[in-house]
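Peer 1: give me a 3D structure for the following:
(chains A and B)
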Amino acid sequence: MHRQKENIIKSLFFLNGLLVVIALLGIFLLLLFNALPTFKDVKFSEFIFRANWNPSAYLESSYGILSQVVSTLMVTIGSLIIAVPLGIGTAAYLSDVASPRVREIAKPIVEILAGIPSVVIGFLGIVLVGPLIAKATGNYSGLNALNGSVLLAVMSLPTIVSLSEDALGSVPKSYTEASLALGGNPWQTLIRVKIPAASSGILAATMLGMGRAIGETMTVLMATGNAPAMPKSFLEPVRTMTATIAIELGEVPYYTTHFHSLFAIGLVLFIFTFILNLVSDIILHRYEKRMRV
Amino acid sequence: MNGKLKKLGLGLALFLALSQVSYAKDMMQIKGSDTLINLVQRLAEVYMEKNPGKYIAVTGGGSGTGVAALINGKCAIANSSRNMEPKEIEQAMSVGVNPQRAVIAMDGLTVVTNAGNPVDKLTVDQIGKIFRGEITNWKDVSGQDMHINLYGRQSNSGTYVFFRDVVLAGEYSQKMDHMNGNAQIIESVKQDASGIGYVGVGYVKDVTGITVVKVASRPGAEYANPLSKEAVLSGKYPIARPLNQYINGTPSERIKDFIAFELSEEGQKIVEEEGFFRIPGEYVEFNKRLGL
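Peer 2: So this is what the prediction gives:
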């Protein structure tokens, strides 16, 4: 009787696990089958390497996503340049410098940051960050890649801080004690022992933060201007892949090249985030193994 | 634990039942143009006050979104600041939707610049060149030596399509920012000394920090102000346009009743209060064929 119950529960959990895999596979296949018809009308090389995106053109439609890929990478990498040093610094502070009381209060606050709706962050981008950037750079408009980067940095910070802090916290005590016993001061211990020991955990945290940034839609849609031209600097407006899908999917006639091409963008985005997650998973795994020794 | 679960279940059931009730209230869905949304929302509010129980939900998303929703049977009325394209009508017909157009207001599509910009007059040709990216400096239209920043709408916007077809007759510059709505264009141009954008005339009412550009149909013609009712209705203002509502086939009593209210004296007063213009005689005649 007991056995049977256990078996039922076991298979229930197995089904739950299976469901996730089916959902993932289903999404991938849906994207793939809706994306493929694009290439009946658009050459694959043109889709990837052409910078001009104008499906609802006055005269001739063009479907090139290069400038969108560049835009997405710009805001994502820009956000990492801001968020990674800040995030690691905050994590190091929380794990090694702050008193337990401060940590108990500060860490949940950082995590609450993750709960702010992206549309609110986008709004801040329009009314606060944009004008500040415009003033600081002497540029007339603050709706550009830099604005998007700053906002995405804010959004990916909680992930980076929280996971890096966990990684630092799980560095075995023996490491720290050995370092201190050898005459290292706490600063040296943190910089030369703990952070290197936690590096793969921190790297994985960064990758997950990057995953958050790359797929973010509303914030960049609101704050980056969405000009389709190829951006030449961080002070120019950009239009990310996510923004294009969000803007255009609402009005597109179904089963046209335009419709399918939006799925193709989605597929490219999916592949991007899939690789990112895979890599961070592999790194995390290696890290866990090493820590167990 | 079990008690908690029960409570949770009960709460959930209650919630579902309630949401079922509110769903059963039978909302009439109106969807589409961002230019029309404030106006139609206002009209719907006044209408609902006078007709309790006849619920109307007005949402935006752009004319393209509204038209797509009408074709997909997701709304009763589609607000559209442009006319439906032949391609869209064909598509609608193929799924058994017969789009019919009513005109509820007139708009002087308004070109705006920053209040600090001395340029307050442009010809249609100049505006076209600016937005096609052929003129990129204000000094070429007798302004200061300053780069021009373009603010336009997104492709789901009827204003985007109307402006492209009528003013540009060509492609937008790839450098144009694609903003989320009329209000966002106003905000951007307010902050950007070198900016230029276009919005429905209802959006410049009582706004400070911007200049409303007077427009001439060709060099040498008279420059007309979109804020002037006379200029817009007489056609002296060259980029005036009708604001439409599309419905499927012969309107039901309910839809007819609401549109009739929009076209009534009271409705048209609200149109003017919202900064747009009442429909001229030719469109009053035009609407009559729908029995309105």
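
Peer 1: can you get me a residue count around residue A:199?
Peer 2: 15 (other C-beta atoms under 10 Å in any protein chain shown). Placement of C-beta: from N, CA and C, glycine included.

Peer 1: over to residue B:134?
Peer 2: For residue B:134, the number of neighbouring residues by other C-beta under 10 Å comes to 12.

Peer 1: for chain A, give me its nearest residue in the stretch 1-150 of chain B.
Peer 2: The nearest approach of the stretch 1-150 of chain B to chain A comes at residue B:64, 3.0 Å away (C-beta to the nearest C-beta).

Peer 1: now chain B, which segments are flagged as low pLDDT?
Peer 2: B:1-25 (pLDDT under 70).

Peer 1: and the residue of the stretch 1-150 of chain B closest to chain A, what does it touch?
Peer 2: With contacts defined as C-beta atoms under 8 Å, 6 or more residues apart in numbering or on different chains, residue B:64 is in contact with A:250-251, B:155-158, B:161.

Peer 1: does residue B:216 touch residue B:224 like I think?
Peer 2: Yes - when contacts are counted by C-beta atoms under 8 Å, residue B:216 is listed as touching residue B:224 (7.0 Å).

Peer 1: show me whatever sits in contact with both of the two.
Peer 2: By C-beta under 8 Å, 6+ apart, the residues touching both residue B:216 and residue B:224 are residue B:238.

Peer 1: give me the more crowded residue out of these two.
Peer 2: Each of residue B:216 and residue B:224 has its neighbours counted (other C-beta under 10 Å); residue B:224 has more, 23 against 19.

Peer 1: give the contact list for that one.
Peer 2: By C-beta under 8 Å, 6+ apart, the residues touching residue B:224 are B:214-216, B:231, B:236-238.

Peer 1: those into CSV, with extra columns for distance to residue A:176?
Peer 2: Shown next, in CSV, are the contacts of residue B:224 (distance: C-beta to C-beta, whole Å):
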residue, distance to residue A:176
B:214, 73
B:215, 72
B:216, 77
B:231, 78
B:236, 81
B:237, 75
B:238, 76
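
Peer 1: of these, just say which sits nearest to chain A.
Peer 2: Nearest to chain A among these, counting by C-beta to the nearest C-beta, is residue B:238 at 18.8 Å.

Peer 1: now do the closest one against residue B:217, distance only.
Peer 2: 4 Å (C-beta to C-beta, to the nearest Å).

Peer 1: repeat for residue A:138
Peer 2: 37 Å.

Peer 1: can you list the weak-confidence ranges in chain A?
Peer 2: A:1, A:287, A:290-293.

Peer 1: what residue in it comes nearest to chain B?
Peer 2: Minimum separation of chain A from chain B (C-beta to the nearest C-beta) falls at residue A:251, amounting to 3.0 Å.

Peer 1: for the contacts of residue B:64, name the two members farthest from one another.
Peer 2: The distance between the two most remote of those (C-beta to C-beta) is 14.2 Å, for A:250 and B:161.

Peer 1: of these two, who's got more company?
Peer 2: Taking neighbours as other C-beta under 10 Å, residue A:250 and residue B:161 compare with residue B:161 leading, 23 against 17.

Peer 1: so after the helix or strand where that one lies, what's the next helix or strand?
Peer 2: Using DSSP states H and E, residue B:161 sits within helix B:158-163. Counting by DSSP H and E, the next helix or strand C-terminal to helix B:158-163 is strand B:177-179.

Peer 1: strands paired with that following strand, and their directions?
Peer 2: With DSSP bridges as the test, strand B:177-179 is paired with strand B:149-153 (parallel).

Peer 1: and the strand it pairs with, how far out from the chain's middle?
Peer 2: Relative to its chain's centre, strand B:149-153 lies at 16 Å (C-alpha atoms, centre = their mean, to the nearest Å).

Peer 1: which residues touch the residue positioned nearest the centre of chain B?
Peer 2: Nearest residue to the geometric centre of chain B (C-alpha atoms, centre = their mean): residue B:35, 2.3 Å. Residues counted as contacts of residue B:35 (C-beta under 8 Å, 6+ apart) are B:63, B:81, B:107, B:157-159, B:182, B:199-200, B:202-203, B:243.

Peer 1: which of the contacts of residue B:224 fall in strands?
Peer 2: B:214-216 (DSSP state E).

Peer 1: what about residue A:230, how many neighbours?
Peer 2: So residue A:230, with other C-beta under 10 Å, has 17 neighbours.

Peer 1: distance check, it against residue A:33.
Peer 2: 30 Å.

Peer 1: ok, residue B:282 next?
Peer 2: Relative to residue A:33, and taking C-beta to C-beta, residue B:282 is found at 49 Å.

Peer 1: likewise for residue B:222?
Peer 2: Distance from residue B:222 to residue A:33, by C-beta to C-beta: 57 Å.

Peer 1: same deal with residue A:43?
Peer 2: Look at residue A:43 and residue A:33: by C-beta to C-beta, they are 20 Å apart.

Peer 1: could I get the full set of helices for chain B?
Peer 2: B:2-24, B:34-50, B:63-71, B:86-94, B:124-132, B:158-163, B:182-191, B:229-234, B:253-263, B:265-273, B:281-288 (DSSP state H).

Peer 1: highest mean neighbour count across the ones you listed, which stretch is it?
Peer 2: helix B:63-71 (a mean of 28; mean count of other C-beta atoms under 10 Å in any protein chain shown).

Peer 1: got the angle for that one vs helix B:86-94?
Peer 2: On the basis of axes from the mean of the first three to the mean of the last three C-alpha atoms, to 10 degrees, helix B:63-71 is oriented at 20 degrees to helix B:86-94.

Peer 1: what does residue A:152 show for phi and psi?
Peer 2: phi -70, psi -30 (degrees, to the nearest 10).

Peer 1: before we move on, back to that, so how far is chain A from the closest residue to the residue nearest to the centre of chain B other than its chain neighbours?
Peer 2: Distances taken as C-beta to C-beta, 6 or more residues apart in numbering or on different chains put residue B:200 closest to residue B:35, at 3.6 Å, once the chain neighbours are dropped. According to C-beta to the nearest C-beta, to the nearest Å, residue B:200 and chain A sit 18 Å apart.
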